[in-house]
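> Quick one, fold the following:
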Amino acid sequence: MPSDTWIDSGKTDGVQAGKFDLALAWIQKNKETFIGSVVIVLAALVFSAYFVIHYRDLRDTAWKNLFMAQQIGYGGNMAQARQQLSAIETSYGRTSAAPYATLTKGDMLYAQGQFKEAGAEYSKLLSSKDLAPFAVYSLGKCKEAEGDMPGAQAQYADFLAKTPEHFMAPEVHASLASAQELSGALDLAKTTYEKIVLLYPDTSWAIQAKARLAHTATAKK
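You can find the predicted model right below:
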């Protein structure tokens with residue numbers, strides 16, 4: 001057995017050596033092609049490394065600028081904050097910070113009562129992988145604030161259909177029920193409140209829903 005192993009090992013080494021000799025011979029005959037290929041590979045590696053480092057720097061700068069814009073907005077200078085948020089969208093549009101800048105801009109506009117403008121910002125995020133649920137709900141709140149109850153209900157229903165397990169779902173259910181109630185659709189509101197009690201028992205949402213159920217029952221008498 002040991003001798004067989006030694007013989008097999010020798011054959012393997014011979015094959016490897018033969019392949020190496022063939023590769024060396026090819027390189028000697030095709031020096032220009034080989035050197036050109038090596039240069040291209042090295043250039044690609046250098047470019048990839050530069051791109052990764054450059055993107056990381058851009059991303060970090062974008063997030064820093066976003067934080068600064070938020071602080072400026074919280075300090076009361078909304079106009080300057082929105083200006084900086086727009087700059088992030090323009091200059092760092094490919095970074096992960098850009099959609100958050102859009103969301104922040106929408107929130108600031110909403111806080112100022114500019115519901116139509118805020119809705120336009122939220123609409124930009126409806127296809128965002130991470131922020132779409134927030135955009136859908138916030139757009140519903142804008143429509144509700146503008147008095148568009150059917151539009152608001154459509155947004156809330158869309159949220160619940162697409163992301164029923166989202167952590168904001170209880171709040172969205174409550175907003176939907178409230179919009180239904182304000183629209184005079186008391187039967188629909190009653191159904192939604194009952195769903196809240198069923199889905200989220202022993203929570204503040206359930207307590208509020210029970211109170212609204214009692215109120216709507218009284219109102220129908």
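
> residue boundaries of the strands in this protein?
Remark: strands of the chain are absent; assignment by DSSP state E.

> for the protein, which spans come out with low pLDDT?
1-56, 219-221 (pLDDT under 70).

> how about a cut-off of 80?
1-58, 216-221 (pLDDT under 80).

> Break it down into its domains, please.
Per automatic domain parsing, the structural domains of the chain span 1-112, 116-221.

> Now render those as a markdown table, adding mean neighbour count.
Where C-beta positions appear, they are placed from N, C-alpha and C, glycine not excepted. A markdown table is the format used below for the domains of the chain (neighbours: other C-beta atoms under 10 Å):
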| stretch | mean neighbour count |
| --- | --- |
| domain 1-112 | 14 |
| domain 116-221 | 17 |
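
> check contacts around the residue nearest to the spatial centre of the chain.
The chain has Asp130 as the residue nearest its centroid, 1.9 Å off, counting by C-alpha atoms, centre = their mean. Counting by C-beta atoms under 8 Å, 6 or more residues apart in numbering, Asp130 touches Pro99.

> Tabulate the CA atom coordinates of stretch 106-118 in CSV.
Taking Å, rounded to 0.1, in the frame of the first residue of the first chain, the C-alpha atoms of stretch 106-118 are listed here in CSV:
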residue,chain,number,x,y,z
GLY,A,106,-41.3,65.0,4.2
ASP,A,107,-41.6,64.9,8.0
MET,A,108,-40.4,68.5,8.3
LEU,A,109,-42.9,69.7,5.7
TYR,A,110,-45.7,67.7,7.4
ALA,A,111,-44.8,69.3,10.8
GLN,A,112,-45.1,72.7,9.1
GLY,A,113,-48.6,71.9,7.8
GLN,A,114,-47.4,71.7,4.2
PHE,A,115,-49.2,68.4,3.6
LYS,A,116,-49.3,68.4,-0.2
GLU,A,117,-45.5,69.1,-0.4
ALA,A,118,-44.9,66.5,2.3
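
> just how off-centre is it within its chain?
20 Å (C-alpha atoms, centre = their mean, to the nearest Å).

> likewise stretch 96-111?
Its chain's average C-alpha position is 12 Å from that of stretch 96-111, according to C-alpha atoms, centre = their mean.

> go on, stretch 142-162?
Distance of stretch 142-162 from its chain centroid, counting by C-alpha atoms, centre = their mean, is 20 Å.

> Go through that stretch and list whatever outside residues touch any part of it.
110, 113, 115-116, 118-119, 122, 132-133, 136-137, 139-141, 166, 168-169, 172-173, 175-176, 179-180, 182-183.
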